[in-house]
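S.K.: Everything below, folded, please.
(one chain, ligands or ions: 1)
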Amino acid sequence: MRADRVEITRFLGRFSAQNLQSADQETFGLVSSSNYWFSYSMTVSVRALDLPADANQVQCLMDDSDLCNSPELLKCLASGDAFSLVADTDGIVLGWLVVHTNFRPEYGWVVDADTVRLQSDGNAYLEIISVAIDSRNSGVGTQLIRAAEHKAKSLGKLNLWLHVRDDNAGAIRFYEREQWTYEYSVTPDWRDGQRMRVYSKSLI
Ligand SMILES: CC(C)(COP(=O)(O)OP(=O)(O)OC[C@H]1O[C@@H](n2cnc3c(N)ncnc32)[C@H](O)[C@@H]1OP(=O)(O)O)[C@@H](O)C(=O)NCCC(=O)NCCS
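M.R.: Alright, predicted model coming up:
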């Protein structure tokens, strides 16, 4: 097996045996030409976000916002009013999340009553969770969200909350599988008319 393929296959969940040399097929024990789920082992650890070292890798996981241009988020993280965890394997960031633990109006967020309530007192708010596309559905998100629940609980929080787009079926399935509870739906001003579901997780 060539070294470059090892590097590639570590980040592929599925590949076609048609693309492999016969020697590779022997290595993997493959005999037919259909798609295979490739099982591989890698050590993923969850640790605190390290800025600025992780900034570029984390940026690649963001769809629609720019970490380095989000002064509100950077201020929250720097002041300890939020925490961020990354899933890392050999220095490669596979996913990350941000949880807010204390609301401060001076950060300048566009807010509504929920925004304040869901990150005050016994509440903490999961703002971001994102796993690199090629690493999804292999347990990275589960490892991250469970670590966030543990950390929030250790900070004395009683409940975690989040908003998820009503049409984000994959994420909704993920949260429900992790025993998050659907609470209600809203169309917040800060989401340009997007219907969102609010989910909670009790940490007690
Ligand atoms: C949601 C997300 C963080 C889950 O991370 P992950 O590493 O793929 O999750 P895991 O591998 O630990 O768990 C997979 C589970 O999530 C669910 N899931 C995740 N993505 C899914 C998809 N596209 N379609 C269907 N189910 C999906 C399934 O319930 C799956 O469970 P199963 O293995 O029993 O089928 C990841 O898909 C992601 O980054 N999505 C894009 C960003 C996003 O939507 N974030 C949430 C914003 S609120």
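
S.K.: buried set for stretch 72-84?
M.R.: Using 16 or more other CB atoms under 10 Å as the burial criterion, the residues of stretch 72-84 that qualify are 73, 74, 76, 77, 82, 83, 84. The C-beta positions use only the backbone N, C-alpha and C, and glycine is treated the same way.

S.K.: Next, give me the two most distant ones among these.
M.R.: When the buried residues of stretch 72-84 are compared pair by pair using CB to CB, the two farthest from each other are 74 and 83, 13.2 Å apart.

S.K.: buried sites along the longest helix anywhere in the chain?
M.R.: Once the chain is assigned using DSSP state H, the helix that runs over the most residues is helix 140-154. For helix 140-154, a neighbour-count test (16+ other CB under 10 Å) marks 140, 141, 143, 144, 145, 147, 148, 149, 151, 152, 153 as buried.

S.K.: The second one touches residue 95, doesn't it?
M.R.: Yes - look at residue 141 against residue 95 with CB atoms under 8 Å: they come within range, at 6.3 Å.

S.K.: joint contacts of the two?
M.R.: Taking CB atoms under 8 Å, 6 or more residues apart in numbering as the contact rule, the neighbours common to residue 141 and residue 95 are 129, 131.

S.K.: who's in contact with the residue of the chain found nearest the ligand?
M.R.: With CB to the nearest ligand atom as the measure, residue 141 is the residue of the chain nearest to the ligand, at 2.2 Å. The contact partners of residue 141, taken as CB under 8 Å, 6+ apart, are 95, 129, 131, 174.

S.K.: ok so, going back, narrow the buried residues of stretch 72-84 to those in helices?
M.R.: For the buried residues of stretch 72-84, secondary structure assignment (DSSP H) places 73, 74, 76, 77 in helices.

S.K.: quick one: contacts for the last one?
M.R.: Spelled out, it's residue 77. With contact set as CB under 8 Å, 6+ apart, residue 77 has these partners: 49, 51, 83, 84, 98.

S.K.: Against which helices or strands is the helix or strand where residue 172 lies packed?
M.R.: Residue 172 is part of helix 169-177 when elements are defined by DSSP states H and E. Where contact means 3 or more CB pairs under 8 Å, 6 or more residues apart in numbering; DSSP states H and E, helix 169-177 is packed against helix 140-154, strand 159-165.

S.K.: Out of the ones you listed, which is closest to residue 179?
M.R.: Relative to residue 179, the nearest member of the helices and strands packed on helix 169-177 by CB to CB is helix 140-154, separated by 10.0 Å.

S.K.: My guess is residue 54 contacts residue 86. True?
M.R.: Yes - when contacts are counted by CB under 8 Å, residue 54 is listed as touching residue 86 (6.0 Å).

S.K.: and the gap between residue 119 and residue 181?
M.R.: Summarising the geometry, the distance separating residue 119 from residue 181, computed by CB to CB, to the nearest Å, is 18 Å.
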